[in-house]
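my questions concern the predicted model and sequence given below.
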Protein chains: 2
Amino acid sequence: MTKFNRSVERSMKIIEVISGSGVTSLAFLADQTGLPKATILRICATLVKQRWLTQSRSDSRYRIGPSFPRLSATPDSVDAIIDAGKSEIVALTESTGLAVDLAVSIGNGRVEIVDTTRHFIQHGIFPDTIGYRPSPFRSALGSAFLAALDAEELTTYSTKLAENTRGKDREAAMNFPKRLLEVRKNGFASREEAYWGRAVDYGGTPSAIGVAIQADKKALGAMSLVWLAEKRTVASVVEAHLDQLSMAAVSIGQQLS
Amino acid sequence: MTKFNRSVERSMKIIEVISGSGVTSLAFLADQTGLPKATILRICATLVKQRWLTQSRSDSRYRIGPSFPRLSATPDSVDAIIDAGKSEIVALTESTGLAVDLAVSIGNGRVEIVDTTRHFIQHGIFPDTIGYRPSPFRSALGSAFLAALDAEELTTYSTKLAENTRGKDREAAMNFPKRLLEVRKNGFASREEAYWGRAVDYGGTPSAIGVAIQADKKALGAMSLVWLAEKRTVASVVEAHLDQLSMAAVSIGQQLS
DNA sequence: CATATACATTCCACCTGGTGAAACGCATGC
DNA sequence: GCATGCGTTTCACCAGGTGGAATGTATATG
């Protein structure tokens, strides 16, 4: 009789819970699987190492990661950016004292946040942003990315994006050509003032400046510095940290080419 | 330093080869991974047992099986709902004094929470809910959404969902037809009493009532009012706030059509 | 600002479950 | 009939995994 492997059984059980429940804490996994937390921690650490899972920096909860095998393959560049970006964004947070978001292109002119150093205690803003897709026209990440696309991509995407937007987003879409010139001139994009993308941002509204991440002149993602709007002005952050932000973006880009 | 689990590492390697190469023989796996055949055999037997892999009868080669977790890609409509929903849920929290969760469909009859006002409420219920996928049968959000699907969708999903659930969820799945009628009659879904959601030991038990969000008669998500069970009864919240909740859901739906 | 609490993480003595080389069995094809 | 290549089983050995308890850390509340 062929024997079975207990550790593998356990890891499957864990993955099934995470895949079924979305974001999950260690305690929740322990409750659902009946396994000791220490055991789950080791298995999850192994899965995280290969990026089958990712672990939130702020509260260390788990979710399915970018390398988990899918039917429809994600481009390797996504994984590469996450990998290259990990140490860069941590370093950038250390040197600036501000939170950093990292986002990758999802193919229709928009980006999705894949990693962040946001920490509630330290930065005072809502930390749980992974998986969120910021507005292409009003957010720092979205417009930094759009502005870095070449003319051809830009026209295809921006008309299509504008069609599907409503309300204030639509207004922002109309004004985007103007904004675009500014972003390109300044070398960064900033979040539209008083813009809050989700209810969780309401109250502690963040400010942000973003730049695109490019490899071989192709825009692949964006990253941004984020802080509580009431604490500092955009101008002062630009003055103090824009060059570091840009350098980090270039450095990530170089690791991809 | 956290230790890693070797067996889990090996099983990942094996799955990645199979997922990358399609149908795969034991010898090929041994060649690609450098592991002894006996080891691979045991791991694959474990994976086959849980149907993450299937083994062809004739030549015993492996391929990805029916129970391997499949991830549904996030549809673009998600962004529109978040955008339309954010001010509605803030307003709803302000007028009712209760927390509000907003969830969107992620396919297969399930929803994922994408925005919340739980932070605004003192003595709150477990606050970190974004990314969580509530039970389709036991939670207010999940069953409100299911009940709003048309007959065809409902039958496809609910049988598939029932297959993949275990334990208490399975029980709830069996009783769902009865529950469904009630939800449709009442115009809202409530959380099953014993359903604990994701927090293991945190605070008190939450109660919730949920309604679906629809555009052009198509269910796109759900939203719910959440409060501490010990503070108010479901009946009193329904009496006082159900109409506001329903109106908010309709209003979000209208912005999407 | 201090205190309480729910979690995550680390530690380490114990010992079971996994290991893999070798033997076996069974096709297929020369 | 014999050789070859594959999947499968066996079993003595011991590295690797285990899990209860201790420690560390973040958040909530008065």
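All right, it came through fine.

how many neighbours does A:K3 have?
Neighbour count of A:K3, defined by other C-beta atoms under 10 Å in any protein chain shown: 10. For the C-beta atoms, the positions are set from N, CA and C on the backbone; glycine is no exception.

ignore the last one, A:S257
Around A:S257 there are 9 residues (other C-beta under 10 Å).

quick check: it vs chain B, distance?
From A:S257 over to chain B the distance is 24 Å, taken as C-beta to the nearest C-beta, to the nearest Å.

show me what contacts that residue?
A:215-216 (C-beta atoms under 8 Å, 6 or more residues apart in numbering or on different chains).

measure it to B:G107 for me?
36 Å (C-beta to C-beta, to the nearest Å).

quick check: A:I213 is in a strand.
Yes: A:I213: assigned to a strand according to DSSP: H, G, I helix; E, B strand; the rest coil.

quick one, phi/psi of the closest residue to it other than its chain neighbours?
Among residues not flanking A:I213 along the chain, A:G221 sits closest, at 4.3 Å (C-beta to C-beta, 6 or more residues apart in numbering or on different chains). Main-chain torsions, A:G221, degrees, to the nearest 10: phi -180, psi -160.

neighbours of A:G221, how many?
30.

okay, it and DNA strand D: tell me how far apart.
26 Å (C-beta to the nearest atom of the strand, to the nearest Å).

same check on A:S11?
9 Å.

just give the closest residue to that residue, not the sequence neighbours.
Distance criterion C-beta to C-beta, 6+ apart; nearest residue to A:S11, sequence neighbours excluded, is B:V8 at 4.6 Å.

you'd agree that neighbour is up against A:R6?
No: under the criterion of C-beta atoms under 8 Å, B:V8 is not in contact with A:R6, lying 10.7 Å apart.

which positions within stretch A:47-57 qualify as buried?
A:47-48, A:50, A:52-57 (16 or more other C-beta atoms under 10 Å in any protein chain shown).

quick check, nearest of these to A:E94?
A:R57 (12.8 Å; C-beta to C-beta).

got the contact list for that closest one?
A:115-119, A:127.

re earlier: what residues does the residue nearest to A:I213 make contact with?
Taking C-beta under 8 Å, 6+ apart, we find A:G221 in contact with A:81, A:102-105, A:111, A:145, A:212-213.

now the residues you listed in JSON lines, with distance to A:E153 and pLDDT?
As requested, the contacts of A:G221 are exported to JSON lines (distance: C-beta to C-beta, whole Å; pLDDT from 0 to 100):
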{"residue": "A:I81", "distance to A:E153": "18", "pLDDT": "90"}
{"residue": "A:L102", "distance to A:E153": "21", "pLDDT": "94"}
{"residue": "A:A103", "distance to A:E153": "17", "pLDDT": "94"}
{"residue": "A:V104", "distance to A:E153": "15", "pLDDT": "93"}
{"residue": "A:S105", "distance to A:E153": "10", "pLDDT": "92"}
{"residue": "A:V111", "distance to A:E153": "13", "pLDDT": "93"}
{"residue": "A:F145", "distance to A:E153": "11", "pLDDT": "96"}
{"residue": "A:A212", "distance to A:E153": "12", "pLDDT": "97"}
{"residue": "A:I213", "distance to A:E153": "15", "pLDDT": "96"}
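
what about those residues, which are in helices?
Per DSSP state H, helices hold the following members of the contacts of A:G221: A:81, A:145.

of the contacts of A:G221, closest to DNA strand D?
A:L102 (19.0 Å; C-beta to the nearest atom of the strand).

what about stretch A:112-128, near DNA strand C?
No: using C-beta under 7 Å from any atom of the strand, no contact is recorded between stretch A:112-128 and DNA strand C, whose separation bottoms out at 11.0 Å.

what's the first-to-last distance across that stretch?
Stretch A:112-128 stretches 13 Å from its first residue to its last (C-alpha to C-alpha, to the nearest Å).

got the buried residues for the lengthiest helix in chain A?
In chain A, assigned by DSSP H, the helix with the most residues is helix A:234-256. Going by neighbour count (16+ other C-beta under 10 Å), the buried part of helix A:234-256 is A:234, A:237-238, A:241-242, A:245, A:248-249, A:251-253, A:256.

and if you look at stretch A:194-212?
A:195-202, A:204, A:206-212.

if we can go back for a sec, looking at the contacts of A:G221, which has the most residues close by?
Ranking these using other C-beta under 10 Å puts A:A103 first, with 33 neighbours.

partner residues bridging it?
When bridges are called by DSSP bridges, A:A103 pairs up with A:I113, A:A222.

quick one, what contacts it?
With C-beta under 8 Å, 6+ apart, A:A103 has these contacts: A:111-114, A:134, A:141, A:145, A:221-224.

apply the buried test to those residues and list what passes.
Counted by 16+ other C-beta under 10 Å, those give A:111-114, A:134, A:141, A:145, A:221-224 as buried.

ok, A:P75 to chain B distance?
In terms of C-beta to the nearest C-beta, A:P75 sits 13 Å off from chain B.

which bits of the stretch 1-150 of chain A sit near DNA strand C?
Residues of the stretch 1-150 of chain A lying near DNA strand C (C-beta under 7 Å from any atom of the strand): A:3-7, A:25-28, A:30, A:37-38, A:41, A:55, A:59-61.

and DNA strand D, which of those reach it?
Applying C-beta under 7 Å from any atom of the strand to these, those adjacent to DNA strand D are A:3, A:6-7, A:37-38, A:59.

show me how to select, in ChimeraX, the buried members of the residues you listed.
Isolation of the buried members of these (16+ other C-beta under 10 Å) is achieved in ChimeraX through the command below:
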select /A:7
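
and chain A, which residues reach DNA strand D?
Close to DNA strand D, as judged by C-beta under 7 Å from any atom of the strand, chain A has residues A:1-3, A:6-7, A:10, A:35-39, A:42-43, A:58-59, A:119-121, A:127.

now intersect those residues with the helices, please.
A:6-7, A:10, A:37-39, A:42-43, A:120-121.

got a markdown table for these, with pLDDT too?
Below are these laid out as a markdown table (pLDDT from 0 to 100):
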| residue | pLDDT |
| --- | --- |
| A:R6 | 93 |
| A:S7 | 94 |
| A:R10 | 94 |
| A:K37 | 91 |
| A:A38 | 92 |
| A:T39 | 93 |
| A:R42 | 93 |
| A:I43 | 94 |
| A:F120 | 77 |
| A:I121 | 74 |
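
ok, those vs B:E171, which is closest?
Nearest to B:E171 among those, counting by C-beta to C-beta, is A:R10 at 24.2 Å.

which neighbouring elements make contact with the longest helix of chain A?
helix A:76-96, strand A:206-215, strand A:218-228 (3 or more C-beta pairs under 8 Å, 6 or more residues apart in numbering or on different chains; DSSP states H and E).

doesn't A:I15 belong to a helix?
Yes: counting by three-state DSSP, one finds A:I15 located in a helix.

okay, now the closest residue to it other than its chain neighbours: neighbour count?
Distance criterion C-beta to C-beta, 6+ apart; nearest residue to A:I15, sequence neighbours excluded, is B:P69 at 6.2 Å. Neighbour count of B:P69, defined by other C-beta under 10 Å: 16.

does A:S143 belong to a helix, a strand or coil?
When classified by three-state DSSP, A:S143 comes out as helix.

over to the residue nearest to it when sequence neighbours are not counted: give its phi and psi.
Nearest non-adjacent residue to A:S143, counting by C-beta to C-beta, 6+ apart: A:A189, 4.2 Å away. Torsion angles at A:A189 (phi, psi; degrees, to the nearest 10) stand at phi -110, psi 150.
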